[in-house]
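K.L.:
Model the following, please.
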Amino acid sequence: MKGERQHTSKIFDMTVELMVSDILSGKYVGQTTKDIANQLNVTSSTIRGIFSGYYFQHITSKFSKQQLKLAGNMINGLNRFTDNEIRDIRCRIKNCQTLNSIAKLYNVNGCIISSIKTGKTYKNVV
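P.N.:
Numbers count the residues shown, from 1 in each chain. Alright, predicted model coming up:
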């Protein structure tokens, strides 16, 4: 809030609150942190700082930690798959397809597929 009061902030309280709400409602589906940062004329690190609680804590405190984590995951590509896609990815892994080849099919980084394989993400999808 200090930056906004001194007219040095590039992003304002209301914009941050609206951004988080819009991400949670699905408005930014398929967009990355960088895409959103470009739209708001700020850096990607500013967006990441908002979701990590480093910036705009007085605004982000209005949302639960789960909501912020979900919103952060959504724009970082961690919640981009449908349940059926997760099942397909797991089937491909089971059939010994390489993680990188699966990642290329879904246009994501191999570490995201690895997180699915190890159960770090999408634990709820059976």
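
K.L.:
Least confident secondary structure element in the chain?
P.N.:
When the helices and strands of the chain are scored by mean pLDDT, DSSP states H and E, helix 2-5 comes last with a mean of 50.

K.L.:
what's the domain layout of the chain?
P.N.:
Here the domain parsing of the chain from automatic domain parsing is 2-75, 83-118.

K.L.:
What residues of the last one count as buried?
P.N.:
If you call a residue buried by 16 or more other CB atoms under 10 Å, then domain 83-118 has these buried ones: 86, 89-90, 92-93, 99, 102-103, 106, 108, 112-114, 116-117. The way it works is simple: take the backbone N, C-alpha and C, and place the C-beta from them, glycine included.

K.L.:
Those residues in helices, which ones?
P.N.:
The helices, defined by DSSP state H, take in 86, 89-90, 92-93, 99, 102-103, 106, 112-114, 116-117 from the buried residues of domain 83-118.

K.L.:
Including distance to Val126, could the domains of the chain go into JSON lines?
P.N.:
Output for those, formatted as JSON lines (distance: least, CB to CB, whole Å):
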{"stretch": "domain 2-75", "distance to Val126": "19"}
{"stretch": "domain 83-118", "distance to Val126": "8"}
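
K.L.:
can you tell me which of those the model trusts least?
P.N.:
With a mean of 81, domain 2-75 has the lowest mean pLDDT of these.
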